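In: how would this look folded up:
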Amino acid sequence: MRYGFSMSTITLKNVPEQIHEVLKSRAKEHRRSLNREIICSLEKMLSIGVSDAEQILGDARVVREGMGDAYLTQRELKAMKEEGRT
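Out: Model (predicted):
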């Protein structure tokens, strides 16, 4: 999912039971909602999913910068874990 983009709604009718069952099974396997599984399947089929590593890293940087002081480094997390164990 890319933030900042508008989303459209689609209603599917007369979906064959076999397709519905496969999608439900895959959604459970991937720990996604049925809706998210359908979107991921469509993105993969249409080759429009995010596959550019630089785009993914850029999105991660934006999220991290928006976290402010809430962001912790691996070193800080490790120190907190070790402190809690003593």
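
In: for residue 23, what are its contacts?
Out: Applying CB atoms under 8 Å, 6 or more residues apart in numbering to residue 23 gives the contacts 34, 37-38, 41. Quick note: C-beta positions are derived from backbone N, CA and C, even for glycine.

In: Now tell me which helix or strand of this protein has the poorest mean pLDDT.
Out: Least confident helix or strand, the chain: helix 53-66 with a mean of 81, by mean pLDDT, DSSP states H and E.

In: Among the contacts of residue 23, which one lies nearest to residue 68?
Out: Residue 68 lies nearest to residue 37 out of the contacts of residue 23, by CB to CB, at 33.2 Å.

In: Just the pLDDT at the closest one, thanks.
Out: Predicted confidence (pLDDT) for residue 37: 93.

In: what about it, how many residues close to it?
Out: Residue 37: 20 surrounding residues under other CB atoms under 10 Å.

In: mind starting the numbering at 12 from now?
Out: All set: I'll call the first residue 12, so the last point we hit is now residue 48.

In: Would you agree it is in contact with residue 36?
Out: No: at 9.3 Å, residue 48 does not count as touching residue 36 under the criterion of CB atoms under 8 Å.
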